[in-house]
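Trainee: Fold the following.
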Amino acid sequence: MFGDLQKSKIIAYSATFIGLISLGAWVSIPFFPVPLTLQTLFVLLAGAVMKRDAVIPVSLYVVLGALGLPVFHTGVAGLGILLGPTGGFLIGFIFASLVIGFAYEYESVTIRFTGLLAGTGIIYLCGVAWLMYSLTTQLIPAVISGVLPFIPGDVIKVYAAYMIAKRLP
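Mentor: This next block holds a predicted model:
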């Protein structure tokens, strides 16, 4: 690794984004069954900054939380969180970061912004699917409780991630 600037950047960015996503989990507004947090902003930003390599810190974040480090919303941790109502959203972070990362490998503003929106959609899709399974509910109630309250905040997060990433080298 000595002398390999790209690997060093991946490690540094990974540590940074694991920390930022963990901090974003502490900014939590309780909703039932899924809280509103700033985690999504940092997942989107990781994809925009690290491109396809963003899957590394986001996956590590989920693994660290599953192993018991208190990195999920308000310091909760453990495999039980992934098996609970929020688990689908957390797993969706991984796929979202990858899609956003691929989109950010292009210079097109349209592709990048679409990638951020698609990443958010993937988080919703995984979250709602798992919400339906874990709470044994139907699609409409899962969307009402797992998507609708979050749309205004997520629109702001998508725009913020785009604007922040645009200003970073």
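Trainee: Show me what the helix or strand harbouring Ser145 is packed against.
Mentor: Under the criterion of DSSP states H and E, Ser145 resides in helix 139-146. Where contact means 3 or more C-beta pairs under 8 Å, 6 or more residues apart in numbering; DSSP states H and E, helix 139-146 is packed against helix 109-134. (Each C-beta comes from the backbone N, C-alpha and C, glycine too.)
Trainee: Check which helices and strands the helix it packs on sits against.
Mentor: Checking 3+ C-beta pairs under 8 Å, 6+ apart, helix 109-134 ends up next to helix 39-50, helix 87-103, helix 139-146, helix 151-167.
Trainee: Run through who's touching stretch 124-132.
Mentor: 33-34, 85-89, 91-92, 95, 137-139, 142-143, 145-147, 150 (C-beta atoms under 8 Å, 6 or more residues apart in numbering).
Trainee: Just the mean pLDDT for that stretch, thanks.
Mentor: Mean per-residue pLDDT for stretch 124-132: 96.
Trainee: what's the offset of that stretch from the middle of its chain?
Mentor: The chain centroid and the centroid of stretch 124-132 are separated by 14 Å, computed with C-alpha atoms, centre = their mean, to the nearest Å.
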